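K.L.:
one predicted model, sequence on top.
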Amino acid sequence: METMDAGIRAAEAIVAAHPAVRILFLTAHETDEMITSGMGTGAVDYVVKGCEEETLLRHIRRASEGRAELDPHVQDTVMQEYARLRRSERSLIFFINNVARLTPAERELVRLLLQDMKVAEIARERCVEIVTVKTQIKGLLNKFGCSRSKEIVQMIRQMRLEHLF
């Protein structure tokens with residue numbers, strides 16, 4: 001293939017045009033990222049070049065039947081990715097539920113924290129005492145289950161949800 005991701009792009013196009021087709025990747029790439037990308041196209045199996053001929057034939061036969069014959073490393077990688085996605089989904093739901101319960105003052109506080117402002121700067125900006133900002137931050141930490149305001153900021157940035165504030 002002409003590029004490292006050409007097979008993945010081809011598999012996506014094939015599956016989009018022919019959803020019933022069964023794809024088996026035969027590749028030299030065995031990184032977790034390539035495995036998850038390949039299996040994410042809807043492929044039924046992923047085989048790394050260099051395996052024994054009988055092993056490859058078994059994989060092909062099972063793929064033609066629509067049954068996966070995933071090697072342990074491929075299976076572990078897929079299961080780890082699934083677990084990561086489930087954790088992300090739970091985190092996102094938890095986060096959105098908490099954002100919905102924020103007061104206007106807490107939303108403003110988060111917006112200022114996203115601008116990397118310090119407590120004293122936030123107090124000056126909002127014309128309140130530093131202790132008021134610290135109390136409000138403590139409330140945010142409780143709502144989000146965090147121990148530091150930087151964790152909230154990091155969570156928002158990782159989920160690319162800055163626009164909500």
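P.N.:
Here it is on my side, so go on.
K.L.:
rest of the way, CA atoms for contacts and neighbours
P.N.:
Noted.
K.L.:
buried set for the helix or strand of the chain with the lowest mean pLDDT?
P.N.:
For the chain, counting by mean pLDDT, DSSP states H and E, helix 72-100 ranks last in confidence among helices and strands (a mean of 84). Neighbour counts over helix 72-100 (16 or more other C-alpha atoms under 10 Å) mark 74-75, 77-78, 81, 95, 99 as buried.
K.L.:
the nearest residue to residue 1 once chain neighbours are set aside - how many residues pack around it?
P.N.:
Nearest non-adjacent residue to residue 1, counting by C-alpha to C-alpha, 6 or more residues apart in numbering: residue 7, 6.7 Å away. Per other C-alpha atoms under 10 Å, the neighbour tally for residue 7 reads 16.
K.L.:
can you list the domains in this structure?
P.N.:
Domain ranges of the chain: 6-79, 101-164, per automatic domain parsing.
K.L.:
so which of the ones you listed is nearest residue 88?
P.N.:
domain 101-164 (9.0 Å; C-alpha to C-alpha).
K.L.:
distance between the closest one and the chain's centre?
P.N.:
24 Å (C-alpha atoms, centre = their mean, to the nearest Å).
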